[in-house]
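A.B. asks: make a model of this:
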Amino acid sequence: MTPPHPDTKRLSVGCAVITVSDTRTLETDRSGQIVQQLLTEAGHAIAFYTILKDEPVLIQAMLEELSLRSDVSAVIMNGGTGIAPRDTTYDAIEQLLEKTLPGFGEVFRWLSYQEIGSRAIASRATAGTFRGKLVFSLPGSSNAVTLATQKLILPELPHLVKQISGS
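C.D. replies: Below is the predicted model of the structure:
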């Protein structure tokens, strides 16, 4: 499917990838690796990557820190979007988002429903803006990050960055 307003000039976006997990390591972070690979293959730059414990204070501090970086235009987080007690990513970022993109979560859950059925309702995937940066929060499964990155983030990333920057 072609985006409704194809961008004539390719824009390489500086991205930060954050895996939120109490158990993953650099070696076992398959989802973070997938996001980075897909972004890189599409011509975008990985300006920052880390794994954070699922602690709201750490997540919020990381977003604050990344908001100050000129080489980061988009933050893609994965993990912590469910409803288990340790899933706090959504709770940590939803209060920081200045503008939300409700359609991101809605379409993601619709696409997920087609793959995994009713379990898709448990996802609190979301997206929005924070201090001039795009923020995407995805579930931590490899299938979920692949789906969201390929079907939603990559097709719209340059356009959304241009929207935020006013160009």
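A.B. asks: going on from the top helix by length along the chain, what's the next piece of helix or strand?
C.D. replies: Scanning the chain for the helix with the most residues, using DSSP state H, yields helix 102-116. Next helix or strand after helix 102-116 toward the C-terminus (DSSP states H and E): strand 126-130.
A.B. asks: what mean pLDDT does the next helix or strand after that next one get?
C.D. replies: Once the chain leaves strand 126-130, the next helix or strand it forms, by DSSP H and E, is strand 133-138. Averaging pLDDT along strand 133-138 yields 98.
A.B. asks: between helix 102-116 and strand 133-138, find me the angle.
C.D. replies: For strand 133-138 against helix 102-116, the angle by axes from the mean of the first three to the mean of the last three C-alpha atoms, to 10 degrees is 20 degrees.
A.B. asks: A strand includes residue 75, no?
C.D. replies: Yes - counting by DSSP: H, G, I helix; E, B strand; the rest coil, residue 75 falls inside a strand.
A.B. asks: hang on, it packs against residue 13?
C.D. replies: No - between residue 75 and residue 13 there is no contact under C-beta atoms under 8 Å: 10.9 Å. From N, CA and C alone the C-beta is placed, and that goes for glycine too.
A.B. asks: output the below-cut-off pLDDT ranges for the chain.
C.D. replies: 1-9, 167 (pLDDT under 70).
A.B. asks: hmm, 90 instead?
C.D. replies: 1-11, 85, 165-167 (pLDDT under 90).
A.B. asks: related to what we said a few turns ago, check the offset of the longest helix of the chain from the chain's centre.
C.D. replies: Centroid separation for helix 102-116 versus its chain: 14 Å, with C-alpha atoms, centre = their mean, to the nearest Å.
A.B. asks: residue 79 and residue 130: what is the separation?
C.D. replies: Here residue 79 is placed at a distance of 18 Å from residue 130 (C-beta to C-beta, to the nearest Å).
A.B. asks: neighbour count: those two, which is higher?
C.D. replies: residue 79 (29 against 18; other C-beta atoms under 10 Å).
A.B. asks: please name the residues that touch that one.
C.D. replies: Residue 79 makes contacts with 19-21, 24, 31, 54, 89, 138-140, as judged by C-beta atoms under 8 Å, 6 or more residues apart in numbering.
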